[in-house]
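> Here's a sequence, model it:
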Amino acid sequence: MNIDWAAIGSVFGVSLVATVGLVTLFTLGIKGLSARERATAQGNSAALAATAACLCFAACTAAVAYGIHLIVAKA
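Numbering: from 1, shown residues only. So this is what the prediction gives:
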């Protein structure tokens with residue numbers, strides 16, 4: 001049995017980048033919600049912060065859905 005170490009390393013690298021990317025997007029979404037709350041408490045407009053948060057969460061959802069699609073398509 002031969003182990004393809006390059007393929008294992010490639011899978012590890014891609015999964016690491018995807019994980020860090022999703023965590024970063026989700027964190028930015030949470031920061032956007034926090035900024036919206038702060039702006040609302042101060043009486044300012046919160047539209048930009050809410051839009052940014054929604055876009056970050058939508059990107060997270062799209063990335064997860066794409067991952068599930070890849071898993072199902074290969075099965």
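> Please name the nearest non-neighbouring residue to Gly32.
Ala53 (3.1 Å; CB to CB, 6 or more residues apart in numbering). C-beta coordinates here come from the backbone N, C-alpha and C atoms, glycine included.
> Regarding that neighbour, what is its secondary structure?
helix (DSSP: H, G, I helix; E, B strand; the rest coil).
> so it sits right up against Ala39, yeah?
No - applying CB atoms under 8 Å, one finds Ala53 not in contact with Ala39, separated by 11.6 Å.
> hmm, what's the outermost residue in this structure?
Distance from the C-alpha centroid of the chain peaks at Met1, with 36.8 Å (CA atoms, centre = their mean).
> and the residue nearest the centre of the chain, what element?
Closest to where the C-alpha atoms of the chain average out (CA atoms, centre = their mean) is Leu22, at 2.8 Å. Taking DSSP states H and E as the definition, Leu22 sits inside helix 5-42.
> And that helix, what does it pack against?
helix 47-74 (3 or more CB pairs under 8 Å, 6 or more residues apart in numbering; DSSP states H and E).
> between the helix it packs on and helix 5-42, how many degrees?
150 degrees (axes from the mean of the first three to the mean of the last three CA atoms, to 10 degrees).
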